[in-house]
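# structure of the sequence below:
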Amino acid sequence: MPKLSVATLAAFADIGFLGALVAWQAVRLAPTLGHSPANLALLISDALPLAFMLVRRPAQAITQSAADWLSAFAAAGAPILLTPGGHALIDTRICGLLMIFGLLFNLYGKASLARSFGLVAANRGVQRSGPYRLIRHPIYAGNAITQVGFLLANPTGLNLILWLAAISLQVIRMRAEEKLLGQDPVYAEYMTKVPYRLAPGLY
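Here you go, the predicted model:
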């Protein structure tokens, strides 16, 4: 039997993992869409990576660190566990706008990244156009904004823990990606020109 490469294993693992989580999230959020239609933005935000992974290009290099794989899968899974509940802290219309804005920024990042998206750190080419001219991780930034909108509308203790965990894990995930991509001279030069990861002037 031929031995599966790390890249092939990653392709099966992250698509299967994310597909199962998104399906579970859809089941949980579907009953809330009638009175909270903005929740659809969270569902779309979390489901889109699955579509992009189905058409992504092969990786030139992919991390073989178990810690990198674990942090990537956990970062993707934590926000999908967010659950409706609690009483909104601010006007739900503002929450909805935040979620939609985050989704649109997320879409802009994904459209620019196109076939280079994946869960675990890998090099599928360096992207420097669109929102990548402003920050190095616009998709993560868009996700965070959508999740903040959902959290403000559904401020439960569990959701706060999940959101904090997701943000912390995304930072670990970003650093793992940059460590791998930084071995590419093109990306190393890109980091010097775009110093911020998530928010211009802040981080």
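# hey, let's count contacts and neighbours off CA atoms from now on
Noted.
# output the lowest mean pLDDT helix or strand found in the chain.
helix 6-29 (a mean of 73; mean pLDDT, DSSP states H and E).
# after that helix, which helix or strand is next?
Next along the chain after helix 6-29, taking DSSP states H and E as the criterion, comes helix 39-54.
# which other helices and strands does that next one contact?
With contacts defined as 3 or more Cα pairs under 8 Å, 6 or more residues apart in numbering; DSSP states H and E, helix 39-54 has these neighbours: helix 6-29, helix 92-113, helix 138-153.
# contact partners of that helix?
11, 15, 18-19, 22, 25-26, 29, 32-33, 80, 96, 99-100, 103, 106-107, 110, 114-115, 117-118, 143, 146-147, 150 (Cα atoms under 8 Å, 6 or more residues apart in numbering).
# now the helices and strands packed on helix 39-54 in CSV, with mean neighbour count?
Shown next, in CSV, are the helices and strands packed on helix 39-54 (neighbours: other Cα atoms under 10 Å):
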stretch, mean neighbour count
helix 6-29, 16
helix 92-113, 21
helix 138-153, 24
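# enumerate every residue touching Ile172.
So Ile172 contacts Ser71 (Cα under 8 Å, 6+ apart).
# my bad, Val186
Residues in contact with Val186, defined by Cα under 8 Å, 6+ apart, are Val126.
# chain center to whichever strand or helix holds Glu178: distance?
Assigned by DSSP H and E, Glu178 belongs to helix 157-181. Relative to the chain's own centre, helix 157-181 is displaced by 9 Å; criterion: Cα atoms, centre = their mean, to the nearest Å.
# any idea how far the spatially most central residue of the chain is from Leu70?
The geometric centre of the chain, computed from its C-alpha atoms, lies nearest to Tyr140 (Cα atoms, centre = their mean), at 4.8 Å. Taking Cα to Cα, to the nearest Å as the criterion, Tyr140 is separated from Leu70 by 17 Å.
# how about the nearest residue to Arg28 once chain neighbours are set aside, what does it touch?
Spatial nearest neighbour of Arg28, excluding adjacent residues (Cα to Cα, 6 or more residues apart in numbering): Thr83 at 7.5 Å. Applying Cα under 8 Å, 6+ apart to Thr83 gives the contacts 28-29, 154, 159.
# wait, Arg133 sits on Thr192?
No. Contact criterion Cα atoms under 8 Å: Arg133 and Thr192 do not qualify, at 11.7 Å.
# and for the two, which residues touch both?
Listed contacts common to Arg133 and Thr192 are nil; contacts here mean Cα under 8 Å, 6+ apart.
# neighbour count: those two, which is higher?
Taking neighbours as other Cα atoms under 10 Å, Arg133 and Thr192 compare with Arg133 leading, 13 against 9.
# for the protein, give me the ranges with low pLDDT.
Counting by pLDDT under 70, the ranges of the chain that qualify are 1-14, 54-57, 114-116, 118.
# Val126 contacts Glu189, correct?
No. Taking contacts as Cα under 8 Å, Val126 lies outside contact range of Glu189: 10.6 Å.
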